[in-house]
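Peer 1: Show me the folded form of this:
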Amino acid sequence: MDVKKTITKHSATFWSIYTEIVIDAPKERVWTVLTDFNNIAQWSTTLQNLEGNLSNGSKTIVDYIFKGKLRKIKHTMVEFENGTQFGWSDTIIPFVKDYHLFRVEDLKDGRTKFIQKDEVKGFFAFLVANMLMNEMSKTYPEFNQLLKYTVENKYNY
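Peer 2: Numbers count the residues shown, from 1 in each chain. A predicted model of the protein is given here:
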């Protein structure tokens, strides 16, 4: 199954991207692979590591390849629900805030819906949102597909 993707320009100061993919595995297995930050670089071409813990309000450092360069970005964790979701939200440039979320949802047939979404909003969002959404529109579906492949075919990596 392909990744579903929607990019929405709500206004000049608010853009969002939503992606989802169905993974043929239980939610717990998807969560285990998604949050195994010691091994994530073995399969992910973008998210390479997360240092710190996933609890709400905790400070972390996320290693992420963006536009071909490894970046270590400090983030504040938000929306943490063990086994279900985690994300971060921070100011990326003055007056522009990013909100990123990973979520796993049970489907009735034993499969899992994986959701990755992001928002860019704020007074100066018009300066960076289009560039960020263009990059995210490539990297998020790729990440989702690699997660699916890893969970379904290489779980004991």
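Peer 1: farthest residue from the center of this protein?
Peer 2: Distance from the centre of the chain peaks at D109, with 24.2 Å (Cα atoms, centre = their mean).
Peer 1: Which single strand of the protein contains the most residues?
Peer 2: The longest strand of the chain (DSSP state E) is strand 69-81.
Peer 1: So which elements touch the helix or strand following that one?
Peer 2: For strand 69-81, the following helix or strand on the C-terminal side (DSSP states H and E) is strand 85-93. Applying 3 or more Cβ pairs under 8 Å, 6 or more residues apart in numbering; DSSP states H and E, one finds that strand 85-93 contacts strand 69-81, strand 96-106, helix 125-153. All C-beta spots, glycine's among them, are computed from the backbone N, C-alpha and C.
Peer 1: Report all helices and strands that the longest one contacts.
Peer 2: Just to be clear, that refers to helix 125-153. Counting by 3+ Cβ pairs under 8 Å, 6+ apart, helix 125-153 packs on strand 4-11, strand 14-23, helix 27-34, strand 85-93, strand 96-106, strand 112-121.
Peer 1: now the angle between strand 4-11 and the last one, please.
Peer 2: Our comparison of strand 112-121 with strand 4-11, counting by axes from the mean of the first three to the mean of the last three Cα atoms, to 10 degrees, yields an angle of 20 degrees.
Peer 1: Could I get the average pLDDT for strand 112-121?
Peer 2: For strand 112-121, mean pLDDT is 95.
Peer 1: by how many degrees do that strand and strand 85-93 diverge?
Peer 2: Using the same axes, to 10 degrees: strand 112-121 against strand 85-93 is 20 degrees.
Peer 1: Perfect, that will be all.
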